[in-house]
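Peer 1: sequence and predicted model, in that order:
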Amino acid sequence: MTTPLQLPLLQSDGEVLAEVNGCLGLITLNRPQALNALTLAMIRDLTRLLKTWAQDPAVEAVVILGAARPGKPAAFCAGGDIRFFHRAALAGDSALDDFFTEEYALNHLIHNFAKPYIALMDGVVMGGGMGISQGAKLRVLTEGSKLAMPETHIGLFPDVGGGYFLGQCPGAVGEWLALTGHTLGAGDAIELGLGDVFVQSAAMPALIEAFRHGEQSSAEHVVATVMEHVDLAPAADPKTLRSRIEQHFSLADVAAIMASLEAAGDDWALRTLATLRKHSPLMLAVTLEQLRRARSMSLAEDLRMERDIVHHCFHLRPGARSETVEGIRALAVDKDHQPCWLPARIEDVSREQVLAFFDSPWAPEQHPLRALI
């Protein structure tokens, strides 16, 4: 039963849907043709909903899911709207800065949400989709779940708190995921701490139906509704893979990691090396620095650092000279898959180039995320 009086005015033209059933606030990302990729209006609507429901004693739990495309695989959220990033960067549109400031503040809000926030992570969960799900109290995966932080492929870095949650993965797994953008299935994601429970995708319609129309009388009942549908997760990759990751990705810098992979010469190492060679050398180096700094930071500190880095992604070399703008052009605009990275080789990336991304353009009292604690 929907209760409109408990819903704030939404402004994303139906791209975020909200319902209240009993004590449960239900959010649906409703941009299925774009794999529910986030726009600035969607981020603002999600923020309004969560802030409203945080203060409403009648709402005791929140569930978020992605709208499906009829006859096609599910998608929770494929990330941020990268074509918007490209257009806004070339136009000098200040909405680009607003997007990242408000997205990171939303990520922080979710991680610190006092009521159970449950993410139904069916299908593609990448980039910004990880940002709105990794802070959930209960992360629900299916056999269709595909989790990744693939930002280095477009000359970006794993933001939305990626330094924080990837840094909590065991050993050097965070480095491996951050640098390669490797896609995880449900079993591996749960094993590595990036998911909590597994539900068969065939059971998801009944679960969602129970959320929409079943009796939801308490937060405990909402969680119990999920647990009634939980099944055994698929097996994770063998521990031998973890030892390979540790062997290579614990090394001091990206050049050493790539040299180690080349020297190993086995199929896995060479495939991994080939993946790294497609990505921006500069942003690989920035990403490794980001992840290792983030391990000693709180979430708020990490998000402030990431806000600094993403500012430089678009402003250190503005317009078409931006590594990120070029990466998006090659992947999603011209689709030639031939980005012209600068520098083109990891050996030519200087320490000074990397450190420039970590020099905050704001004094602490002026930082756009200064209020996060």
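Peer 2: Cool, the structure landed.
Peer 1: so what touches stretch 196-209?
Peer 2: Identification of contacts with stretch 196-209 by Cβ atoms under 8 Å, 6 or more residues apart in numbering yields 65, 74, 120, 122, 138-144, 186-187, 190, 225-227, 229-234. All C-beta spots, glycine's among them, are computed from the backbone N, C-alpha and C.
Peer 1: what about 6 Å?
Peer 2: Contacting residues not belonging to stretch 196-209 are listed as 122, 138-144, 186, 229-231, 233 [Cβ atoms under 6 Å, 6 or more residues apart in numbering].
Peer 1: what does stretch 311-331 give?
Peer 2: Here stretch 311-331 has contacts from 82, 86, 89-90, 154-156, 280, 282-283, 336-339, 357, 361, using Cβ under 6 Å, 6+ apart.
Peer 1: distance of His315 relative to Ile309?
Peer 2: According to Cβ to Cβ, to the nearest Å, His315 stands 11 Å off from Ile309.
Peer 1: repeat for Phe100
Peer 2: Phe100 sits 10 Å away from Ile309, going by Cβ to Cβ.
Peer 1: next one: Asp196
Peer 2: Distance from Asp196 to Ile309, counting by Cβ to Cβ: 29 Å.
Peer 1: so which of these two has more stuff around it?
Peer 2: Ile309 (25 against 19; other Cβ atoms under 10 Å).
Peer 1: tell me how far the nearest residue to the more buried one once chain neighbours are set aside lies from Val349.
Peer 2: Closest residue to Ile309 apart from its sequence neighbours, by Cβ to Cβ, 6 or more residues apart in numbering: Phe357 at 4.9 Å. Remark: distance between Phe357 and Val349 (Cβ to Cβ) = 11 Å.
Peer 1: in a strand, that's where Pro73 is, yeah?
Peer 2: No. The assignment for Pro73, made by DSSP: H, G, I helix; E, B strand; the rest coil, is coil rather than a strand.
Peer 1: please flag which of the contacts of stretch 196-209 sit within helices.
Peer 2: The helices, defined by DSSP state H, take in Ala186 from the contacts of stretch 196-209.
Peer 1: just the buried ones from the contacts of stretch 311-331?
Peer 2: 82, 86, 89-90, 154-156, 280, 282-283, 339, 357 (16 or more other Cβ atoms under 10 Å).
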